[in-house]
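J.: heads up, no residue letters with this:
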């Protein structure tokens, strides 16, 4: 049964990834184009300053893939495969939770696991290290950024599992509602401490050495040697809209994953539930009983 649940998870993940890609292609892709246009214009301004200062000109070289391929085939295939991977992981988590978190209907359990996946894998790490469009991020900090984000995801998932376990332990003493609130509060406090301890991206050594102390890697205004601004910083509206649509795309992915997987799992599990109920012995009525 576990293999069949995982296959259903992969199928649901493919559907979810495809729908999330369609949404991102319509709403988030224009923000990526705006960010790339900003990066190109900023590089041109930086080249002008370097040329005036007598510095060597950097050659970035041609793109391996065109923007058309990246925006359609590249991102589309990537999001579908990401959805399939999350679907398989979702099905494994669903199988582990099945029968261990109370008597929940398959569809209800699917939506709860989807909510946990969205919060633990994406949204909580996003609060500390939000998604950024192209032109944000020093190329020498890619490894550090990746390691910090993975550490945040790992902490979020591990402590989310611990919060579920804590809620089950407190349920007998405080009731289901109060135990859920206490476990959620403990999760928020622990993750808040972790976020406070982890460094911000703007404080990474490469960023501090080149740009000074800043809270994020968002490009600041470009200035000439006299301190005059020759090119503005990254547009706040573009950054906000990109992050907003990124959250909505992930929310859509996990919601569709739960909605599609729930009925598929219910069809698989329903015959077993009916068999178990039919196998329950029925007490015979005593002779003379009405």
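T.: Great, that's in hand. On a predicted model such as this, the values are computed, not experimentally measured, just so you know. Residues are numbered from 1 along each chain as shown.

J.: now stretch 91-98: buried residues?
T.: 91, 93, 94, 95, 97, 98 (16 or more other CB atoms under 10 Å). Backbone N, C-alpha and C define where each C-beta goes, glycine included.

J.: before we move on, what about stretch 216-235?
T.: Applying 16+ other CB under 10 Å to stretch 216-235 flags 216, 217, 218, 219, 222, 231, 234 as buried.

J.: doesn't the third one belong to a helix?
T.: Spelled out, it's residue 218. No: according to DSSP: H, G, I helix; E, B strand; the rest coil, residue 218 belongs to no helix; its state is coil.

J.: contacts only, for it.
T.: Listed by CB atoms under 8 Å, 6 or more residues apart in numbering, the contact partners of residue 218 are 132, 136, 233, 234, 239.

J.: in this protein, which residue is most central in space?
T.: residue 122 (2.4 Å; CA atoms, centre = their mean).

J.: element containing the residue lying closest to that one once chain neighbours are set aside?
T.: Nearest non-adjacent residue to residue 122, counting by CB to CB, 6 or more residues apart in numbering: residue 250, 4.7 Å away. In the assignment (DSSP states H and E), residue 250 maps to helix 236-278.

J.: tell me which strands and helices whichever strand or helix holds residue 156 is in contact with?
T.: Assigned by DSSP H and E, residue 156 belongs to helix 142-174. Secondary-structure packing of helix 142-174 (3 or more CB pairs under 8 Å, 6 or more residues apart in numbering; DSSP states H and E): helix 124-128, helix 176-197.

J.: and the ones you listed as TSV, adding distance to residue 33?
T.: Listed next are the helices and strands packed on helix 142-174 as TSV, based on distance: least, CB to CB, whole Å:
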stretch	distance to residue 33
helix 124-128	22
helix 176-197	31
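
J.: any low-confidence regions in the stretch 151-290 of the chain?
T.: Filtered on pLDDT under 70, the stretch 151-290 of the chain yields the residue ranges 271-290.

J.: distance check, residue 209 against residue 250.
T.: Computed as CB to CB, to the nearest Å, the residue 209 to residue 250 distance reads 33 Å.

J.: and those two? Which one has more around it.
T.: More crowded of residue 209 and residue 250, by other CB atoms under 10 Å: residue 250, with 21 against 10.

J.: got the domain ranges for the protein?
T.: 1-55+68-136+236-274, 138-217 (automatic domain parsing).

J.: most tightly packed of the ones you listed?
T.: Burial of those is given as mean neighbour count (mean count of other CB atoms under 10 Å); domain 1-55+68-136+236-274 ranks first at a mean of 18.

J.: how far is that one from where the chain is centred?
T.: 6 Å (CA atoms, centre = their mean, to the nearest Å).

J.: same check, this time on stretch 198-210
T.: Put simply, stretch 198-210 sits 23 Å off its chain's centre (CA atoms, centre = their mean).

J.: who's in contact with it?
T.: 128-129, 137-138, 140-141, 144-145, 148, 151-152, 211, 213-217.

J.: what is the end-to-end distance of it?
T.: With CA to CA, to the nearest Å as the measure, stretch 198-210 spans 21 Å from end to end.

J.: ok, stretch 207-224 next?
T.: 19 Å.

J.: could you do stretch 70-77 as well?
T.: Start-to-end span of stretch 70-77 (CA to CA) is 10 Å.

J.: residue contacts, residue 94?
T.: Counting by CB under 8 Å, 6+ apart, residue 94 touches 5, 9, 109, 110, 113, 261, 265.

J.: which of these sit farthest apart?
T.: Spanning the widest gap among those are 9 and 109, at 12.9 Å by CB to CB.

J.: contacts only, for residue 239.
T.: Residues near residue 239 by CB under 8 Å, 6+ apart: 132, 133, 136, 218.

J.: doesn't residue 219 make contact with the first one?
T.: Pointing back at residue 132 there. No: the criterion here is CB atoms under 8 Å, and residue 132 misses it with residue 219 at 10.4 Å.

J.: if we can go back for a sec, for residue 182, state which of the contacts of residue 239 is nearest.
T.: Nearest to residue 182 among the contacts of residue 239 is residue 132, at 34.9 Å by CB to CB.

J.: gap between the residue nearest to the closest one when sequence neighbours are not counted and residue 239?
T.: Distance criterion CB to CB, 6+ apart; nearest residue to residue 132, sequence neighbours excluded, is residue 217 at 7.1 Å. The spacing between residue 217 and residue 239, counted by CB to CB, is 11 Å.
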